[in-house]
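S.K.: What shape does this take:
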Amino acid sequence: MDTAITDRSAWRSADIDMDRQVHVLAPAHVAELDAVLEQVKRHPGGYLATDASTVRMPVLDAMLEDLHQEVREGAGFVLLRGLPVDRWTKDEVRAMAWTIATRFGRPVTQNARGQRVADVMDVIKGTASPRGYH
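M.R.: Residues are numbered from 1 along each chain as shown. Model (predicted):
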């Protein structure tokens with residue numbers, strides 16, 4: 001009996017066509033994010049109180065719906081490039097990451113402190129850590 005898993009979610013790095021997984025935001029997407037950023041910044045509860053029903057992005061939502069399908073039914077991941085992080089503050093980048101993430105599901109806490117958005121960076125410079133991330 002052959003028990004090989006053959007759907008697209010069962011892959012090895014050599015199997016991945018990164019051209020299919022990498023998606024670059026068009027200028028219209030970035031313009032929409034800039035407009036939404038101002039809306040999110042003015043939200044009374046802050047960006048963590050927003051979701052796909054309170055922040056609409058008609059142009060980008062169509063693309064993100066396709067990417068969500070790829071995450072759910074395809075390889076299980078996508079890489080989104082082109083966020084203008086060089087001109088946004090750290091808080092603005094977090095807000096836009098949150099806004100995009102709400103298109104993929106309901107964000108939940110990421111750690112024991114209850115954070116729903118956490119910065120991940122290498123603070124131990126290559127040393128393995130049992131803590132998951134730092």
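S.K.: Could you use CA atoms for every contact and neighbour count after this?
M.R.: OK.
S.K.: Can you list phi and psi of the spatially most central residue of the chain for me?
M.R.: Centroid-nearest residue in the chain, with Cα atoms, centre = their mean: A101, separated by 4.7 Å. Main-chain torsions, A101, degrees, to the nearest 10: phi -60, psi -30.
S.K.: by contact count, what packs against the host helix or strand of T99?
M.R.: T99 belongs to helix 90-101 when assigned by DSSP states H and E. Packed against helix 90-101, as judged by 3 or more Cα pairs under 8 Å, 6 or more residues apart in numbering; DSSP states H and E, are the following elements: helix 27-41.
S.K.: Poorly predicted segments of this structure, please.
M.R.: Within the chain, the stretches with pLDDT under 70 are 1-2, 126, 128-134.
S.K.: Helix, strand or coil: sort out L80 for me.
M.R.: Recorded secondary structure, L80: strand (DSSP: H, G, I helix; E, B strand; the rest coil).
S.K.: Quickly note the distance from it to A118.
M.R.: 18 Å (Cα to Cα, to the nearest Å).
S.K.: number of nearby residues for the closest residue to A118 other than its chain neighbours?
M.R.: Setting aside the residues directly before and after it, A118 is nearest to Q110 in space (Cα to Cα, 6 or more residues apart in numbering), at 7.1 Å. The number of residues packed near Q110 is 11, by other Cα atoms under 10 Å.
S.K.: the strands in this protein, which residues?
M.R.: Remark: strands assigned in the chain by DSSP state E are 22-24, 79-81.
S.K.: Could you provide those strands in CSV, with additional columns for mean neighbour count and distance to I124?
M.R.: Formatted as CSV, the strands of the chain follow (neighbours: other Cα atoms under 10 Å; distance: least, Cα to Cα, whole Å):
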stretch, mean neighbour count, distance to I124
strand 22-24, 13, 29
strand 79-81, 12, 25
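S.K.: Reformat those strands as JSON lines; add distance to I5.
M.R.: What follows is the strands of the chain, written out as JSON lines (distance: least, Cα to Cα, whole Å):
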{"stretch": "strand 22-24", "distance to I5": "24"}
{"stretch": "strand 79-81", "distance to I5": "24"}
